[in-house]
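*Asks:* Sequence plus the predicted model coming up.
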Amino acid sequence: MTSPRHVGPPCLSSAGSATRSASRSERASRDLSRDLAPLAPYASALTDYVAGDQAATLVVHSSLGESDDLPVQIFFRGEGDLFSFEEAALELCRGRVLDAGAGTGVHALELQKRGFEVRAIDVLPEAVAIMRGRGVIDPSSSRMRGSTRCSCS
């Protein structure tokens, strides 16, 4: 049995000063890696599950100091396993669909089965590889600049 991975606030250290000037693409790559660092436990859990660790679990910490175990298998649900609110949302889809933050492609796969043209994107290369392996048509990695966090006002 795998020990649970902890997902919570990022703990990042500064990269320090460089001895040479980094190119724009090097800086962008470094910034993207740093921005995705908080998602590393999630990416690792997904790949472990695909590799056969059916008991993979994430521990999700809230800002209220609470934590919950989340079985990774929830990200690999199939036909008939969707929650009622997901079914309701999928029923509202029309035309071409963008599944942003598609993860393992649960919703993209269901929409493809229903005949929709779906564009599935995710920031994690591991998730894109998993989507491709599960049969999502042409998934891609979104190239985000800046932080993966957002705030709404």
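*Replies:* Okay, I see it.

*Asks:* okay, now D68: neighbour count?
*Replies:* 9 (other Cβ atoms under 10 Å). Where C-beta positions appear, they are placed from N, C-alpha and C, glycine not excepted.

*Asks:* could you pull out the strands for the protein?
*Replies:* With DSSP state E as the criterion, the chain has strands at 5-7, 57-61, 67-71, 97-100, 118-122, 140-141.

*Asks:* Export the ones you listed to TSV and append columns for distance to V128 and mean pLDDT.
*Replies:* Shown next, in TSV, are those (distance: least, Cβ to Cβ, whole Å; pLDDT from 0 to 100):
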stretch	distance to V128	mean pLDDT
strand 5-7	19	50
strand 57-61	19	91
strand 67-71	21	93
strand 97-100	12	95
strand 118-122	6	96
strand 140-141	5	90
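
*Asks:* By mean pLDDT, point me to the weakest helix or strand of the chain.
*Replies:* Least confident helix or strand of the chain, by mean pLDDT, DSSP states H and E, is strand 5-7 with a mean of 50.

*Asks:* picking that back up, and among the strands of the chain, the most buried is which?
*Replies:* strand 118-122 (a mean of 22; mean count of other Cβ atoms under 10 Å).

*Asks:* partner strands of that one, parallel or antiparallel?
*Replies:* Strand 118-122 sits in its sheet next to strand 97-100 (parallel), strand 140-141 (parallel), going by DSSP bridges.

*Asks:* isn't A127 right next to A108, touching?
*Replies:* No - A127 is not in contact with A108 according to Cβ atoms under 8 Å; the separation is 11.0 Å.

*Asks:* Give me the common contacts of these two.
*Replies:* A102 (Cβ atoms under 8 Å, 6 or more residues apart in numbering).

*Asks:* Name whatever forms a beta bridge with T57.
*Replies:* Bridge pairing for T57 - DSSP bridges - gives P71.

*Asks:* With the one 10 residues further on instead?
*Replies:* Beta-bridge pairing for S67 (DSSP bridges): H61.

*Asks:* Is it in contact with V60, as I believe?
*Replies:* Yes - at 6.5 Å, S67 and V60 qualify as touching, with contact defined as Cβ under 8 Å.

*Asks:* CSV for the strands paired with strand 118-122, including distance to A37?
*Replies:* Formatted as CSV, these follow (distance: least, Cβ to Cβ, whole Å):
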stretch, distance to A37
strand 97-100, 21
strand 140-141, 16
